[in-house]
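In: Sequence plus predicted model, see below.
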Amino acid sequence: METQQLSVVEKVGFGAGDMALNVVISSMMLIITFFYTDIYGLKTTDLALLFVLVKVVGAIADLAMGQMTDRLTSRQGRYCPYLLWLAVPYGVSVFFVFTTPEWQYSAKLVWAYSTYILMTVMTAGVGIPYISLVSALTNDPKERLSANGYRLFFAKIGAFMVTIIVPLLSQRWGNGNPAVGYQAAMAVMAIMGVALFLFCYFTTTERVVHVVEKQSLSEQLKILLRNDQWLILCGVCVTGTIGYVVRGSVAIYYAKYYLGGDTEQVAAFLTTGVIAAILSMIASTWITKFFCKVKLFRYTQIGVALISALIYFLVKPGDTALGFALYFLLSFVVDLHAPVFWSAIAETIDYGQVKTGKRVSGFAFGGISVCQKAGMAIAGGLVGVLLSYFDYQPNHQQTQFALGGIALMLSIIPGVFHFIMGMLMFKYRISDDYYTEVKAEMRTKGYVAA
């Protein structure tokens, strides 16, 4: 029988895939809003509608990819081939999004919609197979958790590169034209993303083959709606994503306008958050060896709400040292749950198969991605509306009202969503011991073919 133990090389290869995916995810969470308002020149009202509509398209693409991965397989596996076939189109789409044509505003708006939709579809094309891949690498929960630890560590490395390389290279390569600079810097990120997806493809092996029956979309939906633990993760995903995206979208504004930083200080602020998140991935993998992963998930998110309140009430405009310190602490605590969440998805799918007698895999992973898109759509629309409400003016000195709004958007507003996220996890009960029972029942009923 083939071992379920993963080599370090395979874990690194698996992690490289999320590093590639984070070329988009980190860009969408940390720099796309600033790019569209201060570099590309979109109005904040148009930005809100753009984010919402594009995420609707992305949700449909996620569901379609989920169906494809359930219905199609090949000698290379059910998920890996997409990383090979779509790596280059994915990279090209990223480059297009950060290209600023010198056109009239209406034509630029059409270009923004078109390229953002293309990138969203391509991201679904590689993203759904990638996040599903861990369920086929191994059925050992400890190995899955470890693999997801590697995955999220490399994801944060990718985010680190986006936050530090893009702002600095855009300034150095733009020759006074930030639009040209961002295009060149993101071209580097796109090439890196293509290479990393190819590395992931050539270093990972799908060794677990689940029995997946052909089912209609309506039947799969009915089955998933009976999976109470999966539904909890859906709620967690939506609320957590809203918190992440609102805070991440405004971080660059907070560093530039609220703390009064220049380009280097803005990059340093974003990088501080990413470094904290990288350390968090390492710490999470270690902590979950002796502390309940579900409890870790619950209490860290409640802690995020408390730290968010501290940031809002203690950090004043220009208070750089305290702002950096508390943002580091927040970024560390908020990501301690991440390896647990992405491992839990595969576990809820197995739980659902035992509970209902039928397995829904692609739609389940696609559904989680849809929830993530829903959270991003809500957050993107919320950011656009709030920036308009607080009368944010691109590349101008901000009013006290605008600065207060930026501070709220970095702290209290996302903190509320993380608090809800933590409270939802009190309904989640698939611990390692419970999952061991689920796996045993799966073997007894013949649900695992290898």
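Out: Thanks, I have the structure now. The structure displayed is predicted, hence computed values, not measured ones. Numbering: from 1, shown residues only.
In: make it CA atoms for all contacts and neighbour counts henceforth
Out: Will do.
In: what's the spacing between the strand or helix carrying Trp286 and its chain's center?
Out: In this structure, Trp286 sits in helix 263-287 according to DSSP states H and E. Mean C-alpha position of helix 263-287 versus that of the full chain (C-alpha atoms, centre = their mean, to the nearest Å) differs by 15 Å.
In: same question, stretch 76-86
Out: Distance of stretch 76-86 from its chain centroid, counting by C-alpha atoms, centre = their mean, is 20 Å.
In: same question, stretch 360-370
Out: A distance of 15 Å separates the centroid of the chain from that of stretch 360-370, by C-alpha atoms, centre = their mean.
In: could you give the mean pLDDT of it?
Out: In this model, stretch 360-370 has an average pLDDT of 78.
In: so after the strand or helix carrying Ala321, what's the next helix or strand?
Out: Assigned by DSSP H and E, Ala321 belongs to helix 320-334. On the C-terminal side of helix 320-334, the closest following helix or strand by DSSP H and E is helix 338-356.
In: Can I get that following helix in CSV, CA atoms only?
Out: Below are the C-alpha coordinates for helix 338-356, written out as CSV (Å, rounded to 0.1, in the frame of the first residue of the first chain):
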residue,chain,number,x,y,z
ALA,A,338,-5.2,29.5,8.5
PRO,A,339,-3.6,26.0,8.2
VAL,A,340,-6.5,24.7,10.3
PHE,A,341,-9.2,26.2,8.0
TRP,A,342,-7.7,24.8,4.7
SER,A,343,-7.2,21.3,6.2
ALA,A,344,-10.8,21.4,7.6
ILE,A,345,-12.4,21.6,4.2
ALA,A,346,-11.2,18.2,3.2
GLU,A,347,-12.3,16.8,6.6
THR,A,348,-15.8,18.2,6.2
ILE,A,349,-16.1,16.5,2.8
ASP,A,350,-15.2,13.1,4.4
TYR,A,351,-17.6,13.9,7.2
GLY,A,352,-20.4,14.6,4.7
GLN,A,353,-19.8,11.4,2.9
VAL,A,354,-20.1,9.4,6.1
LYS,A,355,-23.2,11.3,7.1
THR,A,356,-25.1,11.2,3.8
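In: Could you list every helix and strand in contact with it?
Out: helix 105-137, helix 141-173, helix 217-225, helix 228-253, helix 263-287, helix 293-314, helix 432-445 (3 or more C-alpha pairs under 8 Å, 6 or more residues apart in numbering; DSSP states H and E).
In: With Thr320 as the reference, name the closest of these.
Out: Comparing the helices and strands packed on helix 338-356 against Thr320 with C-alpha to C-alpha, the closest turns out to be helix 263-287 (9.3 Å).
In: show me what contacts the residue lying closest to Thr285 once chain neighbours are set aside?
Out: In space, and not counting its chain neighbours, Thr285 is closest to Gly149: 6.0 Å by C-alpha to C-alpha, 6 or more residues apart in numbering. Going by C-alpha atoms under 8 Å, 6 or more residues apart in numbering, Gly149 touches 281-282, 284-285, 339.
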